[in-house]
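Visitor: structure, please.
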Amino acid sequence: MEAFSGLLCVLGAWLLIAMIFLAASIRIVREDTRLSVYRLGRYIGDKGPGLVILIPMIDRGVVKQLGGMEKTPSRELAGVIGETRTTVFTDGKVFLAGEEWDAVSHSPISAGQRVRVVRMVLEVEQE
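Guide: Model (predicted):
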């Protein structure tokens, strides 16, 4: 009977350790992030979104946000084509991305011309 109790205790300890390892190996990665996986210090790739399984004590996952810099308004509008509403030089109005914006240009551009955004100050040039 003592042998059975000892075996049950060892089996319970192994089961507890296995559950801890399983919990440590499962990661859920959101849509706007990726998990950079390093196996024994060597980069093996980005995983996700969704369920990602790592090997405990061998794999290391580092969460990486997607689109942090690219989602700033200045980067989103650079290169966008719009149309001048008024003459643009030292000041003027440009319609782009569904909105009317104040704009400046290095040279005069008459109303109704297609223009491209150069910088977020909304400097435009004739296309």
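
Visitor: only C-alpha atoms from now on, for both contacts and neighbour counts.
Guide: Noted.

Visitor: need the per-residue pLDDT for residue 67.
Guide: We have a pLDDT of 69 for residue 67.

Visitor: report how many residues lie close to the nearest residue to residue 90 once chain neighbours are set aside.
Guide: Nearest non-adjacent residue to residue 90, counting by C-alpha to C-alpha, 6 or more residues apart in numbering: residue 104, 5.2 Å away. Neighbourhood size, residue 104 [other C-alpha atoms under 10 Å]: 20.

Visitor: specify the beta-bridge partners of residue 104.
Guide: Counting by DSSP bridges, residue 104 is bridged to residue 123.

Visitor: per-residue confidence, it, what does it come out as?
Guide: Per-residue confidence (pLDDT) for residue 104: 88.

Visitor: what sits against the residue most central in space within the chain?
Guide: Nearest residue to the geometric centre of the chain (C-alpha atoms, centre = their mean): residue 66, 1.0 Å. Each residue near residue 66 by C-alpha atoms under 8 Å, 6 or more residues apart in numbering is listed here: 32, 33, 34.

Visitor: contacts only, for the last one.
Guide: With C-alpha under 8 Å, 6+ apart as the criterion, the residues that contact residue 34 are 46, 47, 48, 49, 63, 64, 65, 66.

Visitor: make TSV from these and add distance to residue 92 to it.
Guide: Shown next, in TSV, are those (distance: C-alpha to C-alpha, whole Å):
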residue	distance to residue 92
46	46
47	47
48	46
49	44
63	44
64	41
65	38
66	35
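
Visitor: please indicate which of the residues you listed are buried?
Guide: Buried by 16 or more other C-alpha atoms under 10 Å: 46, 47, 48, out of the contacts of residue 34.

Visitor: following element in sequence after the helix or strand of the chain with the lowest mean pLDDT, please.
Guide: For the chain, counting by mean pLDDT, DSSP states H and E, helix 73-77 ranks last in confidence among helices and strands (a mean of 66). Per DSSP states H and E, the first helix or strand lying C-terminal to helix 73-77 is strand 81-84.
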